[in-house]
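**Student:** following is a predicted model, sequence given first.
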Amino acid sequence: MASRTTIEIYTRQRTLLHPLQGARLAICAQCHADVLMISLAYAASILQVSAGAIGDLVAGGTLHEFTTNTAATLICCNSLFALLNPSAPETQIPNL
Ligand SMILES: [Zn+2]
């Protein structure tokens, strides 16, 4: 007589959420939509590149930038996610 063994595996996953400090919604001139904008430093940390490399990506049109009325530069998350996932169809982050 064959016996049946059931193995149950329980796992846990820790998810860390970081507040997007300085993030805000703004109209991206290239996307023509309200888009979540994040700081240049945060975009650089996501891409694991220097702030100078972010400037090169903006100059090349790969990333979109937005300048606030306090002269802070923010990066469009639509263009950031398009860079991170180039095979995905055009993605727009829903309004928060
Ligand atoms: Zn954009």
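**Tutor:** Arrived safely.
**Student:** what residue, apart from its backbone neighbours, is nearest Ile75 spatially?
**Tutor:** Ala43 (4.0 Å; CB to CB, 6 or more residues apart in numbering). Quick note: C-beta positions are derived from backbone N, CA and C, even for glycine.
**Student:** now stretch 88-96: mean pLDDT?
**Tutor:** Rounded to a whole number, the mean pLDDT of stretch 88-96 is 55.
**Student:** quick one on the thing from earlier: count of neighbours near the residue nearest to Ile75?
**Tutor:** When neighbours are counted by other CB atoms under 10 Å, Ala43 registers 26.
**Student:** surely it meets Phe81?
**Tutor:** No - with contact defined as CB atoms under 8 Å, Ala43 does not reach Phe81; the gap is 10.9 Å.
**Student:** could you export the helix or strand hosting the residue nearest to Ile75 as CSV, CA atoms only?
**Tutor:** Per DSSP states H and E, Ala43 falls inside helix 40-47. Backbone C-alpha positions of helix 40-47 (Å, rounded to 0.1, in the frame of the first residue of the first chain) are rendered in CSV as follows:
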residue,chain,number,x,y,z
LEU,A,40,17.2,63.1,-8.4
ALA,A,41,19.0,61.5,-5.5
TYR,A,42,16.3,58.9,-5.0
ALA,A,43,16.2,58.1,-8.8
ALA,A,44,20.0,57.7,-8.7
SER,A,45,19.7,55.3,-5.8
ILE,A,46,17.0,53.2,-7.6
LEU,A,47,19.2,53.0,-10.7
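**Student:** touching the ion at all, that helix?
**Tutor:** No - figure legend: helix 40-47 not in contact with the ion (CB under 5 Å from the ion); closest approach 12.0 Å.
**Student:** distance from the helix or strand that that helix is followed by to the middle of the chain?
**Tutor:** Later in the chain than helix 40-47, the nearest helix or strand by DSSP H and E is helix 51-59. Relative to its chain's centre, helix 51-59 lies at 15 Å (CA atoms, centre = their mean, to the nearest Å).
**Student:** quick one on the thing from earlier: buried ones in the helix holding Ala43?
**Tutor:** 40, 42-44, 46-47 (16 or more other CB atoms under 10 Å).
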